[in-house]
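> A structural model of the following input is requested.
(2 chains)
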Protein chains: 2
Amino acid sequence: MASFERMAIIGVGLLGGSLALSARERNLVQTITGFGRNQDTLKRAKEKGVIDDWSADLGTAVKDCDLVVLCSPVGTFLPRLKEMKSALKPGCIVTDVGSVKGDLVRAMEAELPEGTVFVGAHPIAGSERSGLDSAFTELFEGARCIVTPTAKTPKDACDRIISFWSALGMEVISMDPDEHDRVLGAVSHLPHVVAFALMNTVANVTTKTYDDVLCFSGGGLRDITRIASSDPVMWRDIALSNQKQVLTLIDEFQVRLDELKNMITRQDAEPLEEAFATANKNRLKLAKVHE
Amino acid sequence: MASFERMAIIGVGLLGGSLALSARERNLVQTITGFGRNQDTLKRAKEKGVIDDWSADLGTAVKDCDLVVLCSPVGTFLPRLKEMKSALKPGCIVTDVGSVKGDLVRAMEAELPEGTVFVGAHPIAGSERSGLDSAFTELFEGARCIVTPTAKTPKDACDRIISFWSALGMEVISMDPDEHDRVLGAVSHLPHVVAFALMNTVANVTTKTYDDVLCFSGGGLRDITRIASSDPVMWRDIALSNQKQVLTLIDEFQVRLDELKNMITRQDAEPLEEAFATANKNRLKLAKVHE
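Sure, this is the predicted structure:
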């Protein structure tokens, strides 16, 4: 059964807003309650018909809900769960859209009150834009969603969450929470950290004539730094929560970059061309994924 | 005077082919001769009307030309110049579309025969695609072209080259050759090296279940690695020819990346958010350049 009676969305931004719009259109929920830090956003979300009602009090917002979806930055998940746990009704399923699982999932499970269930979920959808005004009904359609049950997750709750995301048009995959963090660290978290670092490096380059060289850039720099416009708080939380994998992956990237640097230092033309040609082939593989 | 009688294009690929198409459309040259390694490409270029004739012999190709444009990878410039120098007619101007200037420009000047002139040029146009079939008439329109005269460059030859690129619809800027290499190293060469390294890092990540995690990527990885599909030989030459600046810029990038790594290691939330927010602001500046 993919549908729920009353869903609370914690954080009505790009993901939370899109989830509300999409779940309503597909008749997966009867009532949607919103909660967030910014009451103006919540008022606007209600006016737009994204949510049915909202509360400035988290306990009030989740009360009577059979589904609570955490859509705020992952750093807020544990504090929010502690704040709401006494108000959760028995049988309530708590899920999320967070980009980090692993330790966070285990901490969430440990914090949950008896009779309620946490099922980690990560719809791989989003954009460098954020906020309610970027939300749209089709955000999740055709994209993948990773669900991260553990040994503690009751099968029926896991099945309901899988059905829920599937009913939103997503291809749902079950994965171990730590494996999720390695995979997403590679395809998403590392690229973001690299983009942030690159953007700040290039923006600080000066010459004797120019104190800003960005005006000489072409489409390449624009594309490679697009994700450097992603939300700083969201990405701060992701980098810190997936610390172990992000650090490991930065190390792996630095090894590759040092290899290229050494080839350039030694004017090693052949291995350099080979490394670039390998990157070409890998990029072609990636392009095929997105065809 | 922006026009020439007879232009030789050395390397009829994306840039050389587009230059021929555009110069012809704007009546800037009367005859276009092509030269390149691949005779099939040259035959096809003639069939398509991109060039008027071609020769498998470089001396024959440049003979009688008053403009020779080097459009092959920058690593070929010096060998080609040595090969063609005895055939250049007096008064001939040699220019290029290469992404590296500095030492290369000085070496070209030293190699040129008496009575001929080299004026370095770098139209900042291109794409991750390459080859004759990617060429199109409008490639240069509205883009910037950096011309890099030195103390040795005769003013009239420099003015003609500036007029030529301007007449192709480009905004021409004069710049010191070394300054060019710092600027382009920042906005183009470093981003390419980073993209190649990142692509190869992510493509090599495996987990206990997956020996390839690219299938879990979203649009972010696709965009950040787009330029990793750029031509390996061209970029090998650029990285090796602009060695000094590329190495300096990789160092500057590694310092930034290490800063972020240390913040993540120490769970320093505030400076991490600040660095990401600064990247946001810099990306916004960059976006305004491309509006």
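> Please, which helix or strand holds residue A:206?
Assigned by DSSP states H and E, residue A:206 falls within no helix or strand.
> got the buried residues for the helix or strand hosting residue A:106?
Counting by DSSP H and E, the element that carries residue A:106 is helix A:102-111. Residues of helix A:102-111 classed as buried by neighbour count (16 or more other CB atoms under 10 Å in any protein chain shown): A:102, A:104, A:105, A:106, A:108, A:109. To be clear about C-beta, it is placed using only N, CA and C from the backbone, and glycine gets the same treatment.
> Would you mind confirming that residue A:25 is in contact with residue A:137?
Yes: between residue A:25 and residue A:137 a contact is recorded at 5.6 Å, counting by CB atoms under 8 Å.
> what about the two, which has more around it?
Taking other CB atoms under 10 Å in any protein chain shown, residue A:25 and residue A:137 do not tie; residue A:137 has more neighbours (17 against 11).
> what's near enough to touch the residue nearest to residue A:120 when sequence neighbours are not counted?
Using CB to CB, 6 or more residues apart in numbering or on different chains and skipping residues adjacent in sequence, the residue nearest residue A:120 is residue A:148, 4.0 Å away. Residues in contact with residue A:148 (CB atoms under 8 Å, 6 or more residues apart in numbering or on different chains) are A:101, A:105, A:119, A:120, A:121, A:122, A:174, A:175, A:176, A:177, A:180.
> Show me the helices in chain A, by range?
A:14-25, A:39-47, A:58-62, A:77-84, A:102-111, A:155-167, A:177-184, A:190-203, A:219-224, A:232-241, A:243-265, A:269-289 (DSSP state H).
> which of those helices is buried the deepest?
Most buried of the helices of chain A by mean neighbour count (mean count of other CB atoms under 10 Å in any protein chain shown) is helix A:190-203; its value is a mean of 26.
> just the angle between it and helix A:177-184, please?
40 degrees (axes from the mean of the first three to the mean of the last three CA atoms, to 10 degrees).
> Helix A:190-203 near chain B at all?
Yes: counting by CB under 8 Å from any CB of the partner chain, chain B has neighbours in helix A:190-203: A:190-203.
> And stretch A:121-139, by the same measure?
Yes: judged by CB under 8 Å from any CB, stretch A:121-139 comes into contact with chain B at A:124, A:125, A:126, A:127, A:128.
> quick one on the thing from earlier: could I get the residues of helix A:190-203 next to chain B in a markdown table, plus columns for distance to residue B:238 and pLDDT?
Converted to a markdown table, the residues of helix A:190-203 next to chain B look like this (distance: CB to CB, whole Å; pLDDT from 0 to 100):
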| residue | distance to residue B:238 | pLDDT |
| --- | --- | --- |
| A:190 | 25 | 98 |
| A:191 | 23 | 98 |
| A:192 | 26 | 98 |
| A:193 | 25 | 98 |
| A:194 | 20 | 98 |
| A:195 | 21 | 98 |
| A:196 | 25 | 98 |
| A:197 | 21 | 98 |
| A:198 | 17 | 98 |
| A:199 | 21 | 98 |
| A:200 | 23 | 98 |
| A:201 | 18 | 98 |
| A:202 | 16 | 98 |
| A:203 | 21 | 98 |
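> gap between the two ends of stretch A:52-62?
13 Å (CA to CA, to the nearest Å).
> which residues are in contact with that stretch?
A:8, A:10, A:12, A:31-36, A:39, A:42-43, A:45-46, A:68, A:80, A:83-84, A:86-88, A:92.
> try 7 Å this time
The contact list for stretch A:52-62 (CB atoms under 7 Å, 6 or more residues apart in numbering or on different chains) reads A:8, A:31-35, A:39, A:42, A:45-46, A:68, A:80, A:83-84, A:86-88.
> for stretch A:16-23, same thing?
Against stretch A:16-23 from outside (CB under 7 Å, 6+ apart): A:7, A:9, A:29, A:32, A:45, A:50-51, A:69, A:71, A:97, A:132, A:135-137, A:139-140, A:168.
> wait, which of the residues of stretch A:121-139 next to chain B is closest to residue B:242?
residue A:128 (29.8 Å; CB to CB).
> In contact with that closest one: list those residues for me.
When contacts are counted by CB under 7 Å, 6+ apart, residue A:128 is found next to A:226, A:227, A:229, A:230.
> got CSV for those residues, with distance to chain B too?
Below are the contacts of residue A:128 laid out as CSV (distance: CB to the nearest CB, whole Å):
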residue, distance to chain B
A:226, 5
A:227, 4
A:229, 4
A:230, 8
